[in-house]
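**Q** I would like to see how this sequence folds:
(2 chains)
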Amino acid sequence: DTGVSQNPRHKITKRGQNVTFRCDPISEHNRLYWYRQTLGQGPEFLTYFQNEAQLEKSRLLSDRFSAERPKGSFSTLEIQRTEQGDSAMYLCASSFQGASGNTIYFGEGSWLTVV
Amino acid sequence: AQRVTQPEKLLSVFKGAPVELKCNYSYSGSPELFWYVQYSRQRLQLLLRHISRESIKGFTADLNKGETSFHLKKPFAQEEDSAMYYCALSGSGGSNYKLTFGKGTLLTVNP
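**A** Numbers count the residues shown, from 1 in each chain, chains lettered A, B, ... in the order given. Purely as a prediction, here's the structure:
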């Protein structure tokens, strides 16, 4: 499968611990996104990278959240001092901005449960 | 602010019946509209986009700017259409990077 790859797929952590998720986008996609999805809701935008530059962060992304995309390839999303409210599915997506538009492809997501 | 509303959380139809999943949006500009689908145990995937004006798996959607709607339609539903459907919106041009999703409609097609 050459789609967007995320790991770990599931993570259970204790409140107050730090967690890190990794995303490998589709090769040569210059844009990478993180979304969060909770039960009964659609995905909500968190942040967006164009190559290695983080160009926008949602207000949902508190200072406990940090995302990086070194060298414009894979990305990591770290959550520090996790809280129960952080329990959600974290979705990564990627796209290539070109003449034909910007079709966004999603990964399978990483489930986070904070206990 | 951009907003997408899908008024139906659940929609149940019988195989062979027409189906329409409603989507209304709010956006101050020229949006791009999309329908994404998520089948059981699969990732979210693009079904269609209004710019393409194409029919995918028998589904069509027309952007109605006057009514700010982008309803998804299929004349004869199939059991394999059972899935979660999300309507999404982005800006156009340089603002086309951020998708705003509705809450989704779970479609069940009964045999």
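**Q** pretty sure residue B:87 contacts residue B:102?
**A** Yes: Residue B:87 is within contact range of residue B:102, at 4.5 Å (criterion: Cβ atoms under 8 Å). Placement of C-beta: from N, CA and C, glycine included.
**Q** for residue A:96, which non-adjacent residue is closest in space?
**A** Closest residue in space to residue A:96, ignoring its immediate chain neighbours: residue A:29 at 4.9 Å, by Cβ to Cβ, 6 or more residues apart in numbering or on different chains.
**Q** for residue A:82, same thing?
**A** Residue A:82 sits nearest to residue A:114 (Cβ to Cβ, 6+ apart), 4.7 Å away.
**Q** just for chain A, where's the confidence low?
**A** A:1, A:98-101 (pLDDT under 70).
**Q** what does it put close to chain B?
**A** Proximity of chain A to chain B is confined to A:3-4, A:31, A:33, A:35, A:40-45, A:48, A:50, A:55-56, A:91, A:95, A:97, A:101-109 under the rule Cβ under 8 Å from any Cβ of the partner chain.
**Q** please type out the PyMOL selection for whichever of these turn out to be buried.
**A** Here is the PyMOL command that picks out the buried ones among the residues of chain A next to chain B, judged by 16 or more other Cβ atoms under 10 Å in any protein chain shown:
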select buried, chain A and resi 4+31+33+35+42+43+44+45+48+91+95+101+102+104+105+106+107+108+109
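**Q** so of the residues of chain A next to chain B, which ones are in helices?
**A** Among these, no member falls in helices (DSSP state H).
**Q** now do the closest residue to residue A:40 other than its chain neighbours against residue A:45, distance only.
**A** Excluding the flanking residues, the one nearest residue A:40 by Cβ to Cβ, 6+ apart is residue B:103, at 6.7 Å. Separation of residue B:103 from residue A:45 (Cβ to Cβ, to the nearest Å): 15 Å.
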